[in-house]
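Engineer: could you look at this predicted model? Sequence included:
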Amino acid sequence: MSDPDPFKPHFRAINSGGKRRGFRLEGVFWKALDAVTRSEGVSVAEYISKLNDVRTGDNGLSSHLRASIMQRVLEQHERLRDRFSKFNSKTIVAACPVPGFIISVDKRILYQNSGFLMYLQTRFTGLDSVEALSNIKLTLESPLIDMIEEMKRDSSRPKYTGFTVGYGERRLRGRLSMALAPDMDDPPAAIAFVSGPA
């Protein structure tokens, strides 16, 4: 059975604090309320009862319930954002001893480690500055947008693809091992490590 329309109000009667109370909330609030109560280890009825005990002001219990749910969701969002801010794809790529880079879905290299720079410099003469990197042409055998979408659906395994780097008239082929860059989503990006020759 599919989820109910998140914007359509649904009525549920809940026995809470010795009273039967009726609430008409949009589907998204019911779904969020179920997630909040599961994470706090209480039933929906217990949550509403506690909320009613501390409620102040003139707002009705339904309004207070919506605000409380939104507050919990925002708090969880902040905790997740703090956790992801400590996870930095650039730091991982920089610390890796193999050649690596971060590539965006629009095929721009957003960051590369010193290993990748040395990898290119030992294979292409004249590639002796960061400015010269703007002249390299990188193509992948598999469409990057498709690989990023697959990694979003299943991030448990890396993706592999062949690549070609061109600089001037010379070409270099190899293999990449790729994973989603979870702290980059605007635009989406992937972490790529050179895993061997083609």
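Structural biologist: Thanks, I have the structure now.
Engineer: by mean pLDDT, which helix or strand of the chain comes out lowest?
Structural biologist: Least confident helix or strand of the chain, by mean pLDDT, DSSP states H and E, is helix 61-86 with a mean of 83.
Engineer: which residue sits closest to Arg170, ignoring its sequence neighbours?
Structural biologist: With sequence-adjacent residues excluded and distances taken as Cβ to Cβ, 6 or more residues apart in numbering, Arg170 is closest to Phe124, at 6.0 Å. All C-beta spots, glycine's among them, are computed from the backbone N, C-alpha and C.
Engineer: thought Leu61 was touching Lys50?
Structural biologist: No: using Cβ atoms under 8 Å, Leu61 is not in contact with Lys50, being 11.8 Å away.
Engineer: tell me who's in contact with the residue lying closest to Asp53 once chain neighbours are set aside.
Structural biologist: Closest residue in space to Asp53, ignoring its immediate chain neighbours: Gly17 at 7.7 Å, by Cβ to Cβ, 6+ apart. Going by Cβ atoms under 8 Å, 6 or more residues apart in numbering, Gly17 touches 45, 48-49, 52-53.
Engineer: what's downstream of the least confident helix or strand of the chain, the next helix or strand?
Structural biologist: The helix or strand immediately downstream of helix 61-86 is helix 89-95, counting by DSSP states H and E.
Engineer: and that following helix, what does it pack against?
Structural biologist: The contact analysis (3 or more Cβ pairs under 8 Å, 6 or more residues apart in numbering; DSSP states H and E) places helix 89-95 against strand 100-104, strand 109-112, strand 170-185, strand 188-197.
Engineer: and of those, who's closest to Gln71?
Structural biologist: Taking Cβ to Cβ as the criterion, Gln71 comes closest to strand 170-185 out of those, the separation being 24.4 Å.
Engineer: list the strands paired with that closest one, with their directions.
Structural biologist: strand 159-167 (antiparallel), strand 188-197 (antiparallel) (DSSP bridges).
Engineer: buried stuff in the longest one?
Structural biologist: Neighbour-count burial for strand 188-197 flags 188-195 (criterion: 16 or more other Cβ atoms under 10 Å).
Engineer: does Gly162 have beta-bridge partners, and which?
Structural biologist: Beta-bridge partners, per DSSP bridges, of Gly162: Arg175.
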